[in-house]
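Peer 1: I need the structure of the sequence given here:
(2 chains)
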Amino acid sequence: MILVIEQLLNGLQYGVMLFLMAAGLTLIFGIMGVINLAHGALYMVGAFVGTWVATETGSFWLGLPAALVAAMVTGVVVEALVVRRLYARDHLDQVLATFALILIFNQLVVLIFGRQPVFTPMPELFSGSLEILPGLFYPMYRLLIIATGLVVAIGLYLLINRTRVGMLVRAGATNRDMVRALGVDIRLLYTLVFGLGALLAGLAGYMTGPILSVQVGMGEQILLATFVVVVIGGLGSVKGALVAGLGLGIVDTMLRAFLPTLLLHFMEPSDAQAVGVGVSAMGIYLLMAIVLLFRPKGLFPAEG
Amino acid sequence: MKHLLSAAILLALFIALPFIADAVGQSSLMILGARMLAYAIAAASLNLILGYGGMVSFGHAAFFGVGAYVVGILAYHAGGDPLLGFIPGTNQMLITLPVAMIVSGLVALVIGALSLRTGGVQFIMITLAFAQMLFFFFVSLTAYGGDDGLIISRTNALFGLNMRNRMTLYFVTLVIAVLFFLVLWRIVHSSFGGILAGLRQNERRMSAMGIPAYRYKLVAFVLSGMGVGLAGALEANLLRFASPDMMHWIKSGDLIIMIILGGVGTFFGPIIGAAAFMLLEFYLAGWTEHWPLILGAILLVVVLGTKGGIGGLISRLTGGRT
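Peer 2: You can find the predicted model right below:
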């Protein structure tokens, strides 16, 4: 039972990461209609720059703003140089141009930081474990990630539903052309949203650092899962990103944790391990296919 | 007439290639050339739905891998235990290639039937999802090598030809490619091809004319999957290897890049694009390990800056309309 709760929390923590990524991606799609495959690259940039600063200064907390600023600046530059030209293009051009960005960013990171995986130092304060239930010790750092994600979720909710910028964002997701026709400076809004999405991706990347290794290609690993979240949640819907992110995080973690053991009852140990890993990796994609068959626009479609 | 000229030039180049390779003493260029042909088949098949039909599939590497695995698995069982207890393995190219096409066609039928219920971004993502499922399926298929892939001990046999000879293997691939492109030409220029282009331009209007859009798109999707499966089967023969990496999503991206490099929705574009991509990869990878950086930059310039890829560039330079 304790094992199940522990894995549930792990799933929640992964889900929160997915939400941080998906929230930005879904807003970028909802407002600007751009499929941004390079979102994983921003996640990687945040992780690498943040970790570099944290290692140089020896402080996790100095790395955090560095990661956020680096990711946001990269995002704004990418938006101004490349993505801005893609708004009027079809999905094919968007996919290809941002795919090219992935290739470029991965190689730039190899050139600057090398291929060796690096590890982000864990913040002192959160390096221990907390007994959340009798007999269940859970790493404080993972709890910190979950808390961060929930704070971001509440912050985004307030930003989108209670502020003027949020109103424009919502309006943009519902009817882009009408917002433009009403005389809103849409380019500024676009840059703002892209920067915000990049910032969240950088946050996710840096927070993952102490748990997973920071390495080239880390962006693609989470990118595909993020896209699954965005599509299941409904393009442009932050609420959908939250629900689908947490749901998928938990499903994926549970499958990975328990499927191989479960399969041991049916097959040879060596096969069970391989098949379990393979099938649990298929899980989220299967889920997405099923959801799309019944709700072709996702769970919470933002546009009519 | 212009098309005939293009075809003749391309064919002449591909016929000359092995002799040039022989003359400069680099017979590995022949395998590269044959792989160009395989990728040209794959890219042209994808172009049938992507360029002519307007369906952006981001999961076509799946069919490439399925085709390769059909060859690999049949060869694995050749002369040994039958597959599943009743399907005998074989090493005959006349059997393996059609079987590869049929199996990938069936897989495409299932994936297409489900995916085509959606459209736009969802279509891109669901095709990607199915490809990922197949990728992880083959990763977990430990009986056939799993993650490490499946080594094929001998290239498939054909009419008692000496397939170990690189020149022979190259010309067998070339003949298959020429046959494939003849069939593709018929398809594209048939009324079916016309309807497909019509669906891309305005699906609603086509439906209003009484065209069952879903069925036409599904047939195109299946044909496209079969073509990519054939390419995968050829690649497996050329490399004597099949692995899950062949259906990695980056591979699906590569296929789209080939199309865009050559020119979307043109007949010869994918051939030029595949050749250009393979040459770039071959020479850049030999020159620097950071070649994806250069590829990415080229791709970015092509997507943002040109219309119609290399094919469009050529026709503009030779005074054609753009």
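Peer 1: every contact and neighbour count from this point should use C-alpha atoms.
Peer 2: Noted.
Peer 1: for the residue nearest to A:Val231 when sequence neighbours are not counted, grab the count of nearby residues.
Peer 2: Once flanking residues are discounted, A:Val231 sits nearest to A:Gly298: 5.9 Å by CA to CA, 6 or more residues apart in numbering or on different chains. Around A:Gly298 there are 23 other residues, counting by other CA atoms under 10 Å in any protein chain shown.
Peer 1: show me where pLDDT drops low in chain A?
Peer 2: Scanning chain A for pLDDT under 70 picks out A:302-304.
Peer 1: try the stretch 51-200 of chain B
Peer 2: The stretch 51-200 of chain B contains residues with pLDDT under 70 at B:79, B:83-85, B:163.
Peer 1: what residues does it have near chain A?
Peer 2: Proximity of the stretch 51-200 of chain B to chain A, by CA under 8 Å from any CA of the partner chain, involves residues B:56, B:114, B:117-118, B:120-122, B:125-126, B:129-130, B:132-133, B:136-137, B:139-142.
Peer 1: quick check on those residues: which are buried?
Peer 2: B:56, B:114, B:118, B:121-122, B:125-126, B:129-130, B:132-133, B:136-137, B:139-142 (16 or more other CA atoms under 10 Å in any protein chain shown).
Peer 1: circling back to that earlier point, any idea which helix or strand carries the residue nearest to A:Val231?
Peer 2: Under the assignment given by DSSP states H and E, A:Gly298 is not contained in any helix or strand.
Peer 1: one more: A:Val229?
Peer 2: helix A:218-233.
Peer 1: tell me what that helix is packed against?
Peer 2: helix A:2-32, helix A:39-57, helix A:238-263, helix A:269-294, helix B:120-139 (3 or more CA pairs under 8 Å, 6 or more residues apart in numbering or on different chains; DSSP states H and E).
Peer 1: give me that answer again for 7 Å
Peer 2: The contact analysis (3 or more CA pairs under 7 Å, 6 or more residues apart in numbering or on different chains; DSSP states H and E) places helix A:218-233 against helix A:2-32, helix A:39-57, helix A:238-263, helix A:269-294.
Peer 1: how far does that helix sit from the chain's center?
Peer 2: 7 Å (CA atoms, centre = their mean, to the nearest Å).
Peer 1: before we move on, back to that, can you pull the contacts of the residue nearest to A:Val231?
Peer 2: If you count contacts by CA atoms under 7 Å, 6 or more residues apart in numbering or on different chains, A:Gly298 has them with A:231-234, A:291-292.
Peer 1: which one of those residues is nearest to A:Ile31?
Peer 2: A:Gly234 (13.1 Å; CA to CA).
Peer 1: that closest one reaches A:Leu299, doesn't it?
Peer 2: Yes. With contact defined as CA atoms under 7 Å, A:Gly234 and A:Leu299 form a contacting pair (5.5 Å).
Peer 1: now do the shared contacts for the two.
Peer 2: By CA under 7 Å, 6+ apart, the residues touching both A:Gly234 and A:Leu299 are A:Gly240.
Peer 1: out of those two, which sits in the more crowded spot?
Peer 2: A:Gly234 (27 against 22).
Peer 1: what does the stretch 201-304 of chain A put close to chain B?
Peer 2: Taking CA under 7 Å from any CA of the partner chain as the measure of proximity, the stretch 201-304 of chain A contacts chain B at A:231, A:271, A:274-275, A:278-279, A:281-282, A:285, A:289, A:293, A:296.
Peer 1: could you see whether chain B lies near stretch A:83-96?
Peer 2: Yes. Counting by CA under 7 Å from any CA, chain B has neighbours in stretch A:83-96: A:92-93.
Peer 1: quick revisit: out of the helices and strands packed on helix A:218-233, flag the one nearest A:Arg187.
Peer 2: Per CA to CA, nearest to A:Arg187 of the helices and strands packed on helix A:218-233: helix A:2-32, 9.8 Å.
Peer 1: tell me which residues in that closest one are buried?
Peer 2: Buried, per 16+ other CA under 10 Å, within helix A:2-32: A:7-32.
Peer 1: how about stretch B:202-209?
Peer 2: Taking 16+ other CA under 10 Å as the criterion, stretch B:202-209 shows B:203, B:206 as buried.
Peer 1: what sits closest to A:Gly139 if chain neighbours are left out?
Peer 2: For the record, residue A:139 is Pro, not Gly. In space, A:Pro139 is closest to A:Ser129, 4.1 Å off (CA to CA, 6+ apart).
Peer 1: ok, that neighbour touching A:Met140?
Peer 2: Yes. Look at A:Ser129 against A:Met140 with CA under 7 Å: they come within range, at 5.1 Å.
Peer 1: give me the more crowded residue out of these two.
Peer 2: A:Met140 (17 against 14).
Peer 1: enumerate every residue touching A:Arg115.
Peer 2: When contacts are counted by CA under 7 Å, 6+ apart, A:Arg115 touches A:215-216.
Peer 1: confirm that it sits in a helix.
Peer 2: No. Read with DSSP: H, G, I helix; E, B strand; the rest coil, A:Arg115 is coil and lies in no helix.
Peer 1: in what helix or strand does B:Leu255 lie?
Peer 2: Going by DSSP H and E, B:Leu255 is in helix B:249-262.
Peer 1: what is that helix packed up against?
Peer 2: Judged by 3+ CA pairs under 7 Å, 6+ apart, the packing partners of helix B:249-262 are helix B:28-47, helix B:61-77, helix B:269-287, helix B:309-317.
Peer 1: show me what counts as buried in the longest one.
Peer 2: Spelled out, it's helix B:28-47. B:29-47.
Peer 1: which one is B:Tyr144 nearest to, not counting chain neighbours?
Peer 2: Nearest residue to B:Tyr144, sequence neighbours excluded (CA to CA, 6+ apart): B:Leu150, at 5.8 Å.
Peer 1: repeat that for A:Gly209.
Peer 2: Distances taken as CA to CA, 6+ apart put A:Thr120 closest to A:Gly209, at 5.1 Å, once the chain neighbours are dropped.
Peer 1: am I right that the one you found falls within a helix?
Peer 2: No. Using three-state DSSP, the assignment for A:Thr120 is coil, not a helix.
Peer 1: chain center to stretch B:189-198, what's the gap?
Peer 2: With CA atoms, centre = their mean, you get 21 Å for stretch B:189-198.
Peer 1: for chain B, see how far away the residue nearest to A:Ala241 when sequence neighbours are not counted is.
Peer 2: Leaving aside its chain neighbours, A:Ala241 sits nearest to A:Gly233 (5.1 Å; criterion: CA to CA, 6+ apart). When distance is defined by CA to the nearest CA, to the nearest Å, A:Gly233 is 12 Å away from chain B.
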